[in-house]
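[1] with the input below, show me the fold.
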Amino acid sequence: MKITFTRLSGFLAGLSVILASAFMAAASHYWLGWPDWLRTGLSVCAVPVLAGLWFVPGTVRLWRRVAVIGALVLFFVAYSQKELYPQSFVPLHERIVDVKFDGDRVEIINFRDAVHQIGKPARPRWTTRTFDLGALSGIELIYQPFGNSAATVHVMMSFAFSNGDHLAVSFEARRTSWDTFDAVAGFFKHDQLYPVLGTERDLLWKRLARVPPNDLFFFDLQGTGEEGRAYLKNLLEFVAGLHETPQFYSTISESCFTTLLKLSPRLRETVPWYDLRRWVPGASVGLFQELGLIDSSISEEELLERQKLGPDILPPWEFEDADTWSSYLRSRVGRTDAAVLPERRSATGPPNSLSGRL
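    Predicted structure coming up:
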């Protein structure tokens, strides 16, 4: 029994060293601010060197193992203290949103209302907007697949107010380029968590202006009373905190879906950490159905089909203001025919100037 336990302990210790070395190699590769030679050297050499020191027999193996443990401890202490590295970001991610509170009234600074023309670079527009939390009238989960798996789904929220305004919210990885994106980097403290608060004609049309356009699905959430206002306040307080203390984007713990989920006390306490749906954005619809947050009278597949935005959506500049375009979008949910112009269409609607109310 003693021999078996010793062998098992040795196997687990060796496996731990290999896994820790592999993490060290990957984290070094994504460690912005380190010289290229150091990043490349550690990413290439960490596993073979540390594994060799650990496993190769010899009279000084005990001291080599002590050295390996010391090196790993030093690395992970440094990794725990890692800070964001200054970079130049794409224009749409150039500014950081901030939120100021005055009772139920919140002022959002660097509220985004960018213009997205098909086939042309986006033109950012930054404004300051004020919302009354007491006037919250509805919350929607917006579901945007961009791949063929449950992991390749982006999840957003849209908050509706009694005056017709909408506050769209998206948590993203702050981008330095739209041409390349390494999804693996999100596991190794590489990207910054970036909150976008803006109009639907910015955040949603951005997805629809792509060629081909992304699919969008709209799901009304239950509980838009006091619990909904508390949730929105938690979200806005979190965003204000990010303005003061930026955080890393994490594919596991701080992504588009996990961030939105953790800001709800009910969801955070109800969905256990070991429930895989907590970490997979593509599982959000079924999870929310099970929790009674969205319609559970039909199957998830039927609900997705019913709540899908129809094709051939008209651009925002065809409408007199953002609220009119948002109403038009809801009229197109579940439709499969060509888009129909609403009565309140703008007379001119130039694409280089979004007119009317935000």
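
[2] any idea how far the worst-scoring helix or strand of the chain on mean pLDDT is from the chain center?
    Ranking every helix and strand in the chain by mean pLDDT, DSSP states H and E puts helix 265-270 at the bottom, with a mean of 84. On the basis of C-alpha atoms, centre = their mean, to the nearest Å, helix 265-270 sits 19 Å off its chain's mean C-alpha point.

[3] in it, what counts as buried?
    Judged by neighbour count using 16 or more other C-beta atoms under 10 Å, the buried positions of helix 265-270 are L267. In short, each C-beta sits where N, CA and C put it, glycine included.

[4] repeat for stretch 92-102
    Buried residues in stretch 92-102 (16+ other C-beta under 10 Å): L92, H93, I96, V97, D98, V99.

[5] ok, stretch 324-332 next?
    Applying a neighbour-count criterion of 16+ other C-beta under 10 Å, the buried positions in stretch 324-332 are T324, W325, S326, Y328, L329, R332.

[6] equivalent analysis for stretch 243-250, please.
    Under the neighbour-count criterion of 16+ other C-beta under 10 Å, stretch 243-250 has Q247, F248, Y249, S250 buried.

[7] if I look at the third one, how far off is D182?
    Read that as Y249. Applying C-beta to C-beta, to the nearest Å, the value for Y249 to D182 is 12 Å.

[8] anything in contact with each of those two?
    Taking C-beta atoms under 8 Å, 6 or more residues apart in numbering as the criterion, Y249 and D182 both touch H190.

[9] list the contacts for R39?
    S28, H29, W31.

[10] may I ask which of these has the most neighbours?
    Using other C-beta atoms under 10 Å as the neighbour criterion, S28 leads the contacts of R39 with 21 neighbours.

[11] show me where the chain has its helices.
    2-29, 36-55, 61-80, 200-208, 226-244, 256-262, 265-270, 284-290, 300-306, 322-331 (DSSP state H).

[12] rewinding a little: just the closest of the buried residues of stretch 92-102 to A230, please.
    When the buried residues of stretch 92-102 are compared for distance to A230 (C-beta to C-beta), V99 wins out at 15.3 Å.

[13] surely the closest one touches G241?
    No - between V99 and G241 there is no contact under C-beta atoms under 8 Å: 9.3 Å.

[14] give the closest residue to R105 in space, chain neighbours not counted.
    Nearest residue to R105 in three dimensions, chain neighbours excluded: D132, at 5.6 Å (C-beta to C-beta, 6 or more residues apart in numbering).

[15] show me the contacts for that neighbour.
    D132 is in contact with D104, R105, F161, counting by C-beta under 8 Å, 6+ apart.

[16] and these as TSV, adding pLDDT, neighbour count and distance to G286?
    Listed next are these as TSV, based on pLDDT from 0 to 100; neighbours: other C-beta atoms under 10 Å; distance: C-beta to C-beta, whole Å:
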residue	pLDDT	neighbour count	distance to G286
D104	94	13	34
R105	97	13	36
F161	96	17	29
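
[17] how many residues are close by the nearest residue to P195 once chain neighbours are set aside?
    Nearest residue to P195, sequence neighbours excluded (C-beta to C-beta, 6+ apart): V239, at 4.7 Å. With neighbours defined by other C-beta under 10 Å, the count for V239 comes to 21.

[18] ok, now D337?
    As a burial measure, D337 scores 9 neighbours (other C-beta under 10 Å).

[19] from H116, how far out is the closest residue to it other than its chain neighbours?
    Leaving out its chain neighbours, the residue that sits closest to D337 by C-beta to C-beta, 6+ apart is G310, at 7.1 Å. Using C-beta to C-beta, G310 is found at 19 Å from H116.

[20] kindly report the same for A51.
    To H116, A51 is 49 Å away according to C-beta to C-beta.

[21] circling back to that earlier point, could the contacts of D132 go into a markdown table alongside distance to V44?
    Putting the contacts of D132 into a markdown table (distance: C-beta to C-beta, whole Å) gives the following:
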| residue | distance to V44 |
| --- | --- |
| D104 | 56 |
| R105 | 55 |
| F161 | 54 |
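
[22] which strands and helices lie in contact with the least confident helix or strand of the chain?
    Contacts defined by 3 or more C-beta pairs under 8 Å, 6 or more residues apart in numbering; DSSP states H and E place helix 265-270 against helix 226-244, helix 256-262.

[23] tell me which residues are up against the first one.
    Here helix 226-244 makes contact (C-beta under 8 Å, 6+ apart) with 96-101, 104, 106, 108, 133-134, 136, 139, 157, 159, 167, 169, 193, 195, 197, 221, 259-260, 263-266.

[24] return the set of buried residues in that helix.
    By neighbour count, with 16+ other C-beta under 10 Å as the criterion, the buried positions of helix 226-244 are G228, R229, A230, Y231, L232, K233, L235, L236, F238, V239, A240, L242.
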